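>>> Any chance you can model this:
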Amino acid sequence: MVHSAYDSVELVRGCPAKIEVAGVHNLKLLVGCSDGSLRIYGSESITSPSPAESSERSAAYEQEIRREPYVLERTVSGFWKRAPVAMEVCRSRDLLLSLSEWIAFHRLPNLETLAAIGKTKGANVYSWDDRRGFLCVGRQKKVGIYRLDGGREFVEVKEFGVPDVVKSMAWCGENICLGIRREYMIMNSATGALSEVFPSGRVAPPLVIPIASGDLLLGKVRSLRSPYPLVQTVGLRDVHVLLQCNGCVIAALGNSLYGLLPVPIGAQIVQLTASGDFEEALALCKLLPPEDSTLRAAKEGSIHIRYGHYLFDNGNYEEALEQFLASQVDITYALSLYPSIILPKTTAIGELDRLPDATDASYLSRVSSDASDEMEPSSPSHLVESDDTSMLEAKKMSHNALMALVKYLQKKRFGIIERATAEVTEEVVLGAVQDSPTTSSSRKPKILGKSRGPSHISSVARERACILDTTLLQALVHTGQSAGALELLKGPNYCDLKICEEFLLQRNYHTVLLELYKCNEMHRDALSLLIRLVEESNSSSPNPELTQKFTPDMIIEYLKPLCGSDPILVLEFSMHVLESCPAQTIELFLSGNIQADLVNSYLKQHAPNMQSKYLELMLSMSNAGVSENLQNELVQIYLSEVLDWFKDLKDQHKWDEKTFCPKRKKLLSALENVSEYNAEGLLKRLPPDALYEEHAVLLGRMNQHHLSLSLYVHKLHLPELALSYCDRVYEAELNRPSPRTNLNIYLTLLQIYLNPRSSTKQLEQKTSNLVPSQSHGNQKVASVKSKAGRLSKKIAAIELADKIHISPSSTDSGRSDGDGDGDEVVEDGDPIMLNNALDLLSQRWDRINGAQALRLLPRKTKLQNLLPFLEPLLKKSSEGRRNYSVIRNLRYSENLQVKEELHKQRRPGVKIDSDSTCSLCRKRIGNSVFVVYPNRKTLVHFVCFRDSQSISGILVYGDECSLALKGSRIEM
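Sure thing, here's the model as predicted:
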């Protein structure tokens with residue numbers, strides 16, 4: 001956008017001759033005219049400076065060009081013989097360099113001639129290197145290089161030929177850039193070698209201009225295009241001389257001299273801001289001097305705010321909030337543009353904190369007094385005046401506006417949350433040092449307050465954080481970014497609980513509301529809401545406002561993290577999903593490491609039907625990890641269910657001992673597999689005339705094997721179960737460390753087969769003592785405690801009776817009921833179970849003591865019937881005997897070999913002659929007692945050996961050395 005960057009001021013008016021060239025030196029304007037004269041003009045308001053003042057001002061003369069007409073001070077007629085072509089002022093050397101008929105140097109300010117280079121006659125272009133004192137001259141098709149020598153004379157250094165007349169030139173370091181024809185070339189000043197750069201184009205001639213940075217500006221196409229837009233147009237016609245001074249431009253046209261003086265940057269900023277060119281205004285702010293940093297910050301902040309309002313009103317919401325972000329204005333100022341956003345009440349942030357500091361007009365008055373009013377931003381309520389207020393608010397709450405707000409808040413959030421967290425940390429540390437905690441739970445992130453009322457924080461940083469997070473949550477929900485809202489709540493946040501709760505309830509964002517409750521540790525409210533949503537989702541007429549289906553699995557997932565911190569709450573709300581998702585709920589108890597006794601007690605009180613399932617899963621995971629009480633509890637539950645089932649069948653007269661149901665199978669499996677339970681208490685609950693298999697298992701657990709086997713044989717009439725029972729007991733005994741007391745279990749079963757009458761009698765007596773009659777009702781699980789003394793005596797008596805039955809010395813009591821006159825029938829008519837006994841012997845012959853088994857059999861048992869038992873038994877016995885005999889012979893042979901080897905090792909002798917000497921004293925052995933070391937080569941006197949051992953404290957015996965006494969076998 002075009003604005004006034006330069007003011008055009010007529011410096012010289014009505015010069016007697018046409019102005020050809022111009023220059024500036026010490027506040028004076030040097031004008032070269034077409035008549036060959038040099039005219040010097042000065043400002044009317046400044047008197048002529050002294051030489052000392054002139055030297056001080058020479059460095060800043062460009063900035064002293066006045067905005068007023070200059071008057072003629074001096075005219076030097078005939079300064080040049082012809083009209084000057086070019087003129088240049090060398091500030092560092094106080095020289096005036098000009099090109100007319102030739103190149104001449106004059107000393108300033110007296111204009112005395114320093115040098116005139118005659119060889120440059122006819123030159124049309126030149127370039128002066130003021131730093132090195134080198135002059136490059138273009139004349140016809142030649143380029144000459146001269147050096148200023150001694151300050152008064154020029155010495156020709158080089159002269160090179162070029163393809164055509166040089167139209168433009170400039171020094172480029174040690175080289176020279178030339179414009180020839182329509183091309184640019186670089187000439188090496190030492191060798192004259194030319195290298196082409198690029199063409200200048202078809203229209204414009206080549207133009208080389210040195211710039212202050214040391215670079216060269218090469219003209220190619222004279223047109224204004226981006227990124228160089230037109231800034232200002234100055235109405236000056238027929239300008240034929242342009243002279244650049246630092247910050248200003250002097251233009252000559254005809255007989256006048258104009259100065260283009262820069263407008264102050266502050267005034268330009270005001271112009272651009274008033275005209276709406278905010279970007280250019282911000283760019284100009286970068287050019288303000290460093291000492292005005294406060295002014296610069298104030299201007300930039302104010303421009304950003306006005307630019308932001310301008311963009312926001314025109315629908316560029318994202319760019320508008322970027323401007324508010326750059327202005328460092330408080331977020332409440334930007335949020336005032338969104339009237340529908342609900343903000344929490346604040347106490348620490350005052351009204352002055354919410355307004356930008358950049359609106360202070362005192363800063364702007366430093367540049368121009370009339371600019372301050374234009375720079376002050378209007379209040380948001382006065383920027384746009386529309387009759388249709390509702391349409392305006394709808395526009396401000398559009399999707400694009402809210403999306404821009406989300407991005408703005410996300411960029412501001414990190415710094416604000418960081419400061420709020422630092423405040424919390426500082427207060428916690430201070431409270432710990434003073435041993436008086438001052439930070440309540442309402443001041444911590446994620447739990448600003450668990451109460452329903454607004455939380456009072458009294459902290460600027462945390463109030464800003466609360467405003468930001470509360471607004472961000474609303475903006476995310478308005479734009480449909482539920483995932484973003486959930487992510488916000490899962491991390492540290494300062495959302496206002498009451499505002500966000502009401503907002504989410506109105507819009508049915510239940511998932512986000514659940515996360516809000518969760519981050520504020522309001523788990524009871526969250527679970528109550530979740531249970532209600534699950535019920536509505538599963539109802540026959542679901543709520544149409546529900547945006548998703550809620551399942552019981554969500555309740556379980558919510559409860560998982562709470563198992564360690566609040567197990568009672570987990571148990572309370574898990575009851576709502578226990579029936580619909582029993583496996584997942586019990587898995588929750590197990591994976592959450594909730595105490596099993598606590599879960600069992602809670603289930604027993606609130607969900608007794610699920611108690612057994614929980615205990616079953618516990619046992620399936622780890623039998624050893626479940627306490628004895630819980631194992632006994634599970635078996636008691638199974639038993640109660642079976643007793644109820646038994647009572648129902650018995651009342652219907654349908655009971656049969658061989659009737660099984662899933663409940664009874666589970667009970668039997670538990671009795672056999674569960675390691676820890678109170679067998680005595682369970683046994684007393686069983687009816688004496690039924691459930692014999694359960695009796696048998698419990699009696700077996702109490703090591704009452706005789707009674708247990710009697711039940712299998714005489715009550716259940718299932719010999720195969722009795723045999724399986726014996727197998728289990730025998731294998732368990734094999735895996736036990738000694739002492740092994742139940743390896744004769746098969747003899748006990750054999751005795752039961754052969755003595756049915758005594759076994760039945762003992763069964764009736766002992767079961768009547770162990771299991772008194774009881775009524776069979778629907779009894780609850782209870783721990784049964786018995787007197788330890790009386791029970792231990794009974795068990796000891798039973799075990800003693802078992803030992804008497806299977807003792808090999810008691811042959812009379814061990815005889816079967818069939819021993820008598822050869823009759824195999826007992827007096828009461830109960831036959832012995834000889835076939836079962838023989839089957840047992842034939843099937844388990846390798847686990848039964850044969851001698852004891854034969855002693856128990858009836859005397860008239862046929863040998864042929866014992867063939868399946870005796871044949872493999874005798875084969876095994878004879879085979880074992882043979883094996884042991886072979887092993888004995890091998891051991892004996894090995895012993896002989898060892899003895900032979902020992903004899904060989906001891907056989908070699910030692911040869912002693914007259915030259916044999918002691919290895920210790922170096923004297924001859926002679927007929928003295930000597931010692932031979934194990935290597936059979938080292939010989940020492942016994943006395944020397946003894947002395948050496950007594951010195952070292954070591955005595956050597958055995959295989960370490962051999963002692964040869966006097967008179968031993970010695971080969972001389």
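>>> next one: whichever strand or helix holds residue 533 to chain centre, how far?
Assigned by DSSP states H and E, residue 533 falls within helix 523-538. Distance of helix 523-538 from the chain centroid (CA atoms, centre = their mean, to the nearest Å) equals 31 Å.
>>> CA-only coordinates of that helix in PDB, if you can.
Output in PDB follows, covering the C-alpha atoms of helix 523-538 (Å, rounded to 0.1, in the frame of the first residue of the first chain):
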ATOM      1  CA  HIS A 523     -15.100 -42.000  40.900                       C
ATOM      2  CA  ARG A 524     -18.400 -42.500  42.600                       C
ATOM      3  CA  ASP A 525     -20.100 -39.900  40.400                       C
ATOM      4  CA  ALA A 526     -18.400 -41.300  37.400                       C
ATOM      5  CA  LEU A 527     -19.400 -44.900  38.100                       C
ATOM      6  CA  SER A 528     -23.000 -43.900  38.900                       C
ATOM      7  CA  LEU A 529     -23.200 -42.100  35.600                       C
ATOM      8  CA  LEU A 530     -21.600 -45.000  33.700                       C
ATOM      9  CA  ILE A 531     -24.000 -47.500  35.300                       C
ATOM     10  CA  ARG A 532     -27.000 -45.300  34.300                       C
ATOM     11  CA  LEU A 533     -25.700 -45.100  30.700                       C
ATOM     12  CA  VAL A 534     -25.200 -48.800  30.500                       C
ATOM     13  CA  GLU A 535     -28.700 -49.400  31.700                       C
ATOM     14  CA  GLU A 536     -30.100 -46.900  29.100                       C
ATOM     15  CA  SER A 537     -28.100 -48.500  26.300                       C
ATOM     16  CA  ASN A 538     -29.300 -52.000  27.200                       C
END
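>>> list the helices and strands that helix packs on?
helix 510-519, helix 552-559, helix 567-578 (3 or more CB pairs under 8 Å, 6 or more residues apart in numbering; DSSP states H and E). Every C-beta, even on glycine, is put in place using the N, C-alpha and C of the backbone.
>>> Give me the angle between it and helix 567-578.
0 degrees (axes from the mean of the first three to the mean of the last three CA atoms, to 10 degrees).
>>> Helix 523-538: which residues count as buried?
523, 525, 526, 527, 529, 530, 531, 533, 534, 536, 537 (16 or more other CB atoms under 10 Å).
>>> Could you dump these into a markdown table with pLDDT and distance to residue 169 added?
Below are those laid out as a markdown table (pLDDT from 0 to 100; distance: CB to CB, whole Å):
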| residue | pLDDT | distance to residue 169 |
| --- | --- | --- |
| 523 | 91 | 85 |
| 525 | 92 | 86 |
| 526 | 91 | 83 |
| 527 | 91 | 88 |
| 529 | 91 | 85 |
| 530 | 90 | 86 |
| 531 | 90 | 91 |
| 533 | 88 | 86 |
| 534 | 88 | 89 |
| 536 | 85 | 89 |
| 537 | 84 | 87 |
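>>> can you put those in a markdown table and add distance to residue 910?
Shown next, in a markdown table, are the buried residues of helix 523-538 (distance: CB to CB, whole Å):
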| residue | distance to residue 910 |
| --- | --- |
| 523 | 96 |
| 525 | 103 |
| 526 | 99 |
| 527 | 98 |
| 529 | 104 |
| 530 | 100 |
| 531 | 102 |
| 533 | 105 |
| 534 | 102 |
| 536 | 109 |
| 537 | 105 |
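>>> looking at this structure, which helix or strand does the model trust least?
helix 361-364 (a mean of 36; mean pLDDT, DSSP states H and E).
>>> Compute the inter-axis angle for the helix holding residue 533 and helix 510-519.
Going by the same axes, to 10 degrees, helix 523-538 makes 160 degrees with helix 510-519.
>>> What are the contacting residues of helix 523-538?
For helix 523-538, the surrounding residues in contact (CB atoms under 8 Å, 6 or more residues apart in numbering) are 510, 513-514, 517-518, 542-543, 546, 549-552, 554-555, 558-559, 562, 566, 569, 573, 576-577.
>>> Just the buried ones from these?
510, 513-514, 517-518, 550-552, 554-555, 558-559, 562, 573, 576-577.
>>> re the thing from before, and the helices and strands packed on helix 523-538 as CSV, adding mean pLDDT and distance to residue 893?
What follows is the helices and strands packed on helix 523-538, written out as CSV (pLDDT from 0 to 100; distance: least, CB to CB, whole Å):
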stretch, mean pLDDT, distance to residue 893
helix 510-519, 92, 83
helix 552-559, 89, 74
helix 567-578, 86, 73
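>>> so which of those helices gets nearest residue 588?
With CB to CB as the measure, helix 552-559 is the member of these nearest residue 588 (5.3 Å).
>>> before we move on, back to that, of all the buried ones among the contacts of helix 523-538, which comes closest to residue 845?
The closest of these, once distances to residue 845 are taken by CB to CB, is residue 577, at 58.7 Å.
>>> now the lengthiest helix in the chain, how far from the centre of its chain.
Secondary structure of the chain per DSSP state H: the longest helix is helix 867-906. Here the centre of helix 867-906 is set off from its chain's centre by 72 Å, with CA atoms, centre = their mean.
>>> other SSEs contacting it?
helix 834-843, helix 850-856.
>>> The ones you listed: which one's closest to residue 153?
Taking those one by one with CB to CB, helix 834-843 is closest: 138.9 Å.
>>> quick one: that closest one to helix 867-906, angle?
Using the same axes, to 10 degrees: helix 834-843 against helix 867-906 is 30 degrees.
>>> For helix 834-843, could you pull out the residues that count as buried?
Those would be 834, 836, 837, 838, 839, 840, 841, 842, for helix 834-843 by 16+ other CB under 10 Å.
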